[in-house]
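1. pasted the sequence and its predicted model underneath.
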Amino acid sequence: MEQRSAPRTESMHVWYVAGGLLVASVLLGPYVRFESLVGLDAGLIPALMFSGALVLFAIGANRSTSVTARRPFGTIALIALAIWTLISTFVLGAARVPPATESFLSFGYIDQLVQFVLALIAATQIARVGTVPRAASLVPLWVVAATTGSWIIQQVVTVAAGSNVSLFVPFLVMLDSLVRVTGPVLLGILAIALASRATAGRAAATTA
């Protein structure tokens, strides 16, 4: 595996910001929407926070703080996921308008597929390049696996339940919400923790 020098303390600040944006996109985003300005339940602010975090993680302050080491394959996938998140937000927001609901019904499946492919590529590259410490580098893959597993369970239950699917709606909503909240918050907190550890380690080394 390619060896890189440890990032400077100042460089790690980008992980603080990106991690904070991920957490905020889940915990604060729903409370700072401005649908009245766009006329849609678009959730634009949470999407911007989430996408901004992905771009910061992809680019970093320099190569050593880019979670993909700025290698083209993983970096492009992560930035593409950020852009697709914004596109998806607008399209699904428009789909909630009654006349457009049926027209955009199939987009939800396309959206899930595109997000899965891009997230899987990015997570795999993060695990391979070695910028993120080994144990932590596998967490994005686990988040992708959990999100995909949740979606598969929802589809299986929906098909199996048939006309009785309404009985399982509370469970499906709870499962979906749990995964959507836990994943970004976990990754955000992990990024902040790694940045804190790197900063503390650098400070200790400087003092010594």
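-> On my side now, so go ahead. Model, not experiment: these values are computed from the prediction.
2. show me where pLDDT drops low in this structure?
-> For the chain, the stretches with pLDDT under 70 are 1-11, 29-42, 94-105, 201-208.
3. show me where it has its helices.
-> All helices of the chain, identified by DSSP state H, fall at 13-27, 35-38, 44-59, 72-95, 107-129, 134-137, 139-161, 169-207.
4. among the ones you listed, which is nearest Ser66?
-> helix 44-59 (5.9 Å; Cβ to Cβ). In short, each C-beta sits where N, CA and C put it, glycine included.
5. now for the helices of the chain, which one comes closest to Thr65?
-> Nearest of these (Cβ to Cβ): helix 13-27, 5.5 Å.
6. which residues does that closest one contact?
-> 46-47, 49-50, 52-54, 56-57, 60-61, 65, 180-181, 184-185, 187-192, 194-195 (Cβ atoms under 8 Å, 6 or more residues apart in numbering).
7. of those, grab the buried ones for ChimeraX.
-> The following ChimeraX line selects those of the contacts of helix 13-27 that are buried, judged by 16 or more other Cβ atoms under 10 Å:
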select :46,47,49,50,52,53,54,56,57,60,61,65,184,185,187,188,190,191,192,194,195
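8. how far away is Thr147 from Arg63?
-> Look at Thr147 and Arg63: by Cβ to Cβ, to the nearest Å, they are 28 Å apart.
9. not counting sequence-adjacent ones, nearest residue to Thr147?
-> Val179 (5.4 Å; Cβ to Cβ, 6 or more residues apart in numbering).
10. contacts only, for the one you found.
-> 146-147, 150.
11. for the most centrally placed residue in the chain, give me its contacts.
-> Centroid check for the chain by Cα atoms, centre = their mean gives Pro184 as the closest residue, at 5.4 Å. Pro184 makes contacts with 22-23, 25-26, 50, as judged by Cβ under 8 Å, 6+ apart.
12. spatially, which two of these are the most separated?
-> Val23 and Phe50 (10.4 Å).
13. sorry, back to before: the residue nearest to Thr147 and Ile192: what is the separation?
-> 21 Å.
14. could you do Phe73 as well?
-> From Phe73 across to Ile192, the span is 26 Å (Cβ to Cβ).
15. could you do Ala58 as well?
-> Ala58 is 17 Å from Ile192, by Cβ to Cβ.
16. one more: Thr89?
-> 25 Å.
17. what does Val169 give?
-> Relative to Ile192, and taking Cβ to Cβ, Val169 is found at 35 Å.
18. run the chain-centre distance for stretch 73-93.
-> Between the centre of stretch 73-93 and the centre of its chain there are 10 Å (Cα atoms, centre = their mean, to the nearest Å).
19. need the CA coordinates for it. PDB is fine.
-> The C-alpha coordinates for stretch 73-93 follow below in PDB (Å, rounded to 0.1, in the frame of the first residue of the first chain):
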ATOM      1  CA  PHE A  73     -12.000   6.800  -9.800                       C
ATOM      2  CA  GLY A  74     -13.100   7.300  -6.200                       C
ATOM      3  CA  THR A  75     -13.000  11.100  -6.200                       C
ATOM      4  CA  ILE A  76     -15.200  11.300  -9.300                       C
ATOM      5  CA  ALA A  77     -17.600   8.800  -7.800                       C
ATOM      6  CA  LEU A  78     -17.900  10.700  -4.500                       C
ATOM      7  CA  ILE A  79     -18.400  14.100  -6.300                       C
ATOM      8  CA  ALA A  80     -20.900  12.500  -8.700                       C
ATOM      9  CA  LEU A  81     -22.800  11.200  -5.700                       C
ATOM     10  CA  ALA A  82     -22.900  14.700  -4.200                       C
ATOM     11  CA  ILE A  83     -24.200  16.100  -7.500                       C
ATOM     12  CA  TRP A  84     -26.700  13.300  -7.900                       C
ATOM     13  CA  THR A  85     -28.000  13.900  -4.400                       C
ATOM     14  CA  LEU A  86     -29.000  17.500  -5.400                       C
ATOM     15  CA  ILE A  87     -30.600  16.300  -8.700                       C
ATOM     16  CA  SER A  88     -32.500  13.600  -6.800                       C
ATOM     17  CA  THR A  89     -33.700  16.100  -4.200                       C
ATOM     18  CA  PHE A  90     -35.200  18.400  -6.900                       C
ATOM     19  CA  VAL A  91     -36.800  15.500  -8.900                       C
ATOM     20  CA  LEU A  92     -38.300  13.800  -5.900                       C
ATOM     21  CA  GLY A  93     -39.500  17.100  -4.600                       C
END
